[in-house]
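K.L.:
I'll drop the sequence and a predicted model, then ask my questions.
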There are 2 protein chains.
Amino acid sequence: MKKKPSARRPITSTAEFARYVGLARTTVSRVLNRQPGLKSNTIERVQRAMDETGFTPNAYAVHLKGKSTSTIGICMEDLLTPTAVKKLSALQRLLRSRHYTSLIEVLEPGQSQRLVRHFLSMRVEGIVFIGHFPPEELAQRIAELNGHGTPHVVIDHVGIPNAHSVTLDRAGGMVDVVNHLVARGHRSFGLLGISAWLHGKLGRMHGIIQALAAHRLPFAQCTRSLDHLHKRENDFEFGRTLAASFATLKDRPTAYLALNDAIAIGTMHGLQAAGLDIPGEAAVTGFNNQEICAMTRPTLTSVDQQIEETIRVGAEVLLGQIGQPPRSKPILRTIEPKLVIRQSSDFQLG
Amino acid sequence: MKKKPSARRPITSTAEFARYVGLARTTVSRVLNRQPGLKSNTIERVQRAMDETGFTPNAYAVHLKGKSTSTIGICMEDLLTPTAVKKLSALQRLLRSRHYTSLIEVLEPGQSQRLVRHFLSMRVEGIVFIGHFPPEELAQRIAELNGHGTPHVVIDHVGIPNAHSVTLDRAGGMVDVVNHLVARGHRSFGLLGISAWLHGKLGRMHGIIQALAAHRLPFAQCTRSLDHLHKRENDFEFGRTLAASFATLKDRPTAYLALNDAIAIGTMHGLQAAGLDIPGEAAVTGFNNQEICAMTRPTLTSVDQQIEETIRVGAEVLLGQIGQPPRSKPILRTIEPKLVIRQSSDFQLG
DNA sequence: GACACGTGAGGACACGTGTCCGCGTCAAGT
DNA sequence: ACTTGACGCGGACACGTGTCCTCACGTGTC
């Protein structure tokens, strides 16, 4: 005999609930808000009634009354790339531990204004942007938020004027990669999906150039890119076809630096399909250090994004703005990535 | 010279905003709610002022006034497994297209009551559960929701009494797998992480038994499991160590059926490390058909979960309850998965 | 018996919005 | 000049809550 929780219309206001308990509405309200000066007997009565009826105060009325919403808006580029989702997951967990609720929305192109308005109408106390967005659009939103004095932080998206941001030092990561490969005897490098225009000083290309220069290796002769030959999708298939093209070259590079892990894995497939041994005849490196890197044959050397650290700092930047006067200078924080060496590059040439 | 959007304190009420525009509050309200009988000139003035000030009506006050919240609560087991996130992504997109906002929360064990209360206090119009939860806990929440008459749907989690649910027919998927492997000449099967108690009639084991029986193959002699030898984590490493153990067997199976893709990939690694050719000497199949299946060597045969379809049906079940009288019988819908044959099993045994 | 004290009742107000209603204003049509 | 709409104004109320206030009741103390 289970106690049926009264399949009746649920109680929707403290007034109604107070009648059910047999107390005054104000008394119930004081119990719910843990005010002092109440008999423990009364408190228990209310508790019991809440369990019986499942009554919950209307959050809309509570916050209307002026209580802060403790809500953070999170704007995502999408929910399909593993790294984006990992960031989201880490961020939500962290916010929850600080007693913030998160409002998660995926931004469809051109809808950013509508989305930010939605967040503002929900009176969020701050907004986080995760992923890559059309820069002009994002810049406009940031300008609006600065106008309102709404706290915000942009994760890993450089070049937005006046935006508070946390960015991964991809250049630093590539410096580590190049140093590692040079130490293993490599002198010629294939670049897969890596272009100069991305991320400026913090971009991958900048790091590669810097590191090669430090080893007195001439960039133009040491590196080769075939990106223009194939449809650029930054995915597995892109890497595979690129590798097939590289394999036909007479003096092909001995090391391959990919924009991300999917391209790197595609590259390994392509090279292996052409009969090349990895890492014996060609080294391959990825970027992002997804779980998948440990599941390939050979396992893939990659650069870890330090997601936890990025999010930790991002939350710090965001929450630090709440309740403070708006800053005149944007906050810019940089995260150092970490090279994880695995089989795909761990072979001494010569 | 950019127009600075007035770094002043933002406007927070229609009254204040109406003073800014030079109209009556009620007139502004009628513009915002698209009521008829307004000069287009007036509408434009309000529009322009909204762009200038970025004013947004307080959602808490709007919904307090009785307007429905158009919000759906989504309760996730976690945000780290790719399939869970894919479901979330598909669901949120679908809900958005129907003009619902989603409230996404990750359930920490033991916090389900608090979480559901949070949803209810936000006056959601329905709740979706995605992932695997402690069954008793979930059952209790469902009972409460039924008590309130709050619409809900449980995605892919069988055995919750009185829950409206959408479930993948894993048994059917395994029937397809077994039929495929038998057609390729296999007669002995290694089971990796697959147990009988999961999901009952819709569970994998049930399908395997059924399919073998149809081929007049005696289950006990045809199948083998070594799950008890290793720490069960349902991940890559579990598969790898299992495979290592299988490799030492004298009369080892020729086909390996894994609970999921990660175990299957681990299994391939383990078998390959022992010198076995896949699919020449051993066939391997996964479950879930994640992207990664196309990136392994050899590519992995797997069973596709039909996530889009699952979510479509789930949303249909949920939204169908809104505004309707509560049902006495729970809705149970089943989704048929789809076998995707790739290299790892596509070999005709001699 | 007077008093203080602890506890709860009940009234009042504010929060921002949507909506209804009566009233003014202004221009166009008769 | 008068009527008729069209349009906007401003007052009023309700939504559910938190908080403050005053008042009443009961118990224990001096």
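P.N.:
Great, that's in hand. Residues are numbered from 1 along each chain as shown, chains lettered A, B, ... in the order given.
K.L.:
so how far is stretch A:98-117 from its chain's centroid?
P.N.:
The chain centre lies 14 Å from the centre of stretch A:98-117; the measure is CA atoms, centre = their mean, to the nearest Å.
K.L.:
before we move on, what about stretch A:77-91?
P.N.:
Computed by CA atoms, centre = their mean, the chain-centroid distance of stretch A:77-91 equals 5 Å.
K.L.:
And it, what's buried?
P.N.:
A:77, A:79, A:81-91 (16 or more other CB atoms under 10 Å in any protein chain shown). For the C-beta atoms, the positions are set from N, CA and C on the backbone; glycine is no exception.
K.L.:
and residue A:314, what is it in contact with?
P.N.:
With contact set as CB atoms under 8 Å, 6 or more residues apart in numbering or on different chains, residue A:314 has these partners: A:91, A:128, A:153, A:155, A:166, A:333.
K.L.:
out of everything not next to it in sequence, what's closest to the residue of the stretch 101-250 of chain A found nearest DNA strand D?
P.N.:
In the stretch 101-250 of chain A, the residue that lies nearest DNA strand D is residue A:123 (14.1 Å; CB to the nearest atom of the strand). Leaving aside its sequence neighbours, residue A:123 sits nearest to residue A:69 (CB to CB, 6 or more residues apart in numbering or on different chains; 4.9 Å).
K.L.:
That neighbour: neighbouring residues, count only.
P.N.:
Using other CB atoms under 10 Å in any protein chain shown as the criterion, residue A:69 is surrounded by 17 other residues.
K.L.:
Then residue A:236?
P.N.:
For residue A:236, using other CB under 10 Å, the count is 22.
K.L.:
Take the contacts of residue A:314 and keep only those in helices.
P.N.:
Of the positions in the contacts of residue A:314, residue A:91 sit in helices, assigned by DSSP state H.
K.L.:
Just the buried ones among the contacts of residue A:314, please.
P.N.:
A:91, A:128, A:153, A:155, A:166.
K.L.:
Considering only the residues you listed, which also neighbour DNA strand C?
P.N.:
For DNA strand C, no contacts are drawn from the buried ones among the contacts of residue A:314 by CB under 7 Å from any atom of the strand.
K.L.:
which pair in those spans the largest distance?
P.N.:
Maximum pairwise distance among the buried ones among the contacts of residue A:314 (CB to CB): 11.1 Å, between A:91 and A:166.
K.L.:
Report the separation between residue A:337 and residue A:167.
P.N.:
Distance, residue A:337 to residue A:167, using CB to CB, to the nearest Å: 11 Å.
K.L.:
And the two? Which one has more around it.
P.N.:
Ranked by neighbour count (other CB under 10 Å), residue A:337 and residue A:167 place residue A:337 first, with 24 against 20.
K.L.:
Show me where the stretch 101-250 of chain A has its helices.
P.N.:
A:112-121, A:135-148, A:170-183, A:204-214, A:219-222, A:236-247 (DSSP state H, counting those that start in this stretch).
K.L.:
Dump those to a markdown table, plus distance to DNA strand C and mean pLDDT.
P.N.:
Conversion of the helices of the stretch 101-250 of chain A to a markdown table gives the following (distance: least, CB to the nearest atom of the strand, whole Å; pLDDT from 0 to 100):
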| stretch | distance to DNA strand C | mean pLDDT |
| --- | --- | --- |
| helix A:112-121 | 8 | 95 |
| helix A:135-148 | 14 | 94 |
| helix A:170-183 | 43 | 97 |
| helix A:204-214 | 46 | 96 |
| helix A:219-222 | 57 | 95 |
| helix A:236-247 | 48 | 96 |
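K.L.:
Make JSON lines from those helices and add distance to residue A:258 to it.
P.N.:
Below are the helices of the stretch 101-250 of chain A laid out as JSON lines (distance: least, CB to CB, whole Å):
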{"stretch": "helix A:112-121", "distance to residue A:258": "30"}
{"stretch": "helix A:135-148", "distance to residue A:258": "24"}
{"stretch": "helix A:170-183", "distance to residue A:258": "10"}
{"stretch": "helix A:204-214", "distance to residue A:258": "10"}
{"stretch": "helix A:219-222", "distance to residue A:258": "17"}
{"stretch": "helix A:236-247", "distance to residue A:258": "6"}
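K.L.:
how about the ones you listed, which one is nearest residue A:57?
P.N.:
helix A:112-121 (20.9 Å).
K.L.:
Return the residues of chain A in contact with DNA strand C.
P.N.:
Going by CB under 7 Å from any atom of the strand, the residues of chain A near DNA strand C are A:22-24, A:26-27, A:37-39, A:41-42, A:61, A:64-66.
K.L.:
Quick check: closest non-adjacent residue to residue A:142.
P.N.:
residue A:163 (4.5 Å).
K.L.:
sorry, back to before: residues contacting the residue of the stretch 101-250 of chain A closest to DNA strand D?
P.N.:
By CB under 8 Å, 6+ apart, residue A:123 lies in contact with A:63, A:69, A:71, B:58-60.
K.L.:
Can you show me the strands along the stretch 201-350 of chain A?
P.N.:
Read by DSSP state E, counting those that start in this stretch, the stretch 201-350 of chain A holds these strands, from start to end of the chain: A:223-225, A:255-258, A:283-285, A:302-304, A:332-335, A:338-340.
K.L.:
Next, give me the two most distant ones among the contacts of residue A:314.
P.N.:
Most distant of the contacts of residue A:314, by CB to CB, are A:91 and A:333, 14.9 Å apart.
K.L.:
Centre-most residue in chain A?
P.N.:
residue A:87 (3.4 Å; CA atoms, centre = their mean).
K.L.:
so what's that residue up against?
P.N.:
Residue A:87 touches A:130, A:155, A:307, A:310-311, counting by CB under 8 Å, 6+ apart.
K.L.:
For the residue nearest to it when sequence neighbours are not counted, list the residues it contacts.
P.N.:
The shortest distance from residue A:87 to any non-neighbouring residue, by CB to CB, 6+ apart, is to residue A:130 (5.2 Å). Contact analysis of residue A:130 by CB under 8 Å, 6+ apart lists A:74-77, A:84, A:87-88, A:91, A:155-156.
K.L.:
between those residues, which is nearest DNA strand C?
P.N.:
In terms of CB to the nearest atom of the strand, no member of these lies closer to DNA strand C than residue A:75, at 22.1 Å.
K.L.:
re the thing from before, the residue nearest to residue A:142: neighbour count?
P.N.:
Residue A:163 has 22 nearby residues by other CB under 10 Å.
K.L.:
thought residue A:276 was touching residue A:283?
P.N.:
No: counting by CB atoms under 8 Å, residue A:276 sits too far from residue A:283 to count as a contact (10.8 Å).
K.L.:
Please say which of these two ends up with more neighbours.
P.N.:
Shown here are residue A:276 and residue A:283; by other CB under 10 Å, residue A:283 has more neighbours (27 against 17).
K.L.:
OK, contacts around that one?
P.N.:
Contacts of residue A:283 (CB under 8 Å, 6+ apart): A:181, A:184, A:186, A:254-256, A:301, A:344-345, A:347.
K.L.:
go on, residue A:217?
P.N.:
Per CB under 8 Å, 6+ apart, neighbours of residue A:217: A:182, A:187.
K.L.:
Could I get the phi/psi values of it?
P.N.:
Main-chain dihedrals, residue A:217, degrees, to the nearest 10: phi -100, psi 130.
K.L.:
pLDDT wise, what is it at?
P.N.:
For residue A:217, the pLDDT comes out at 97.
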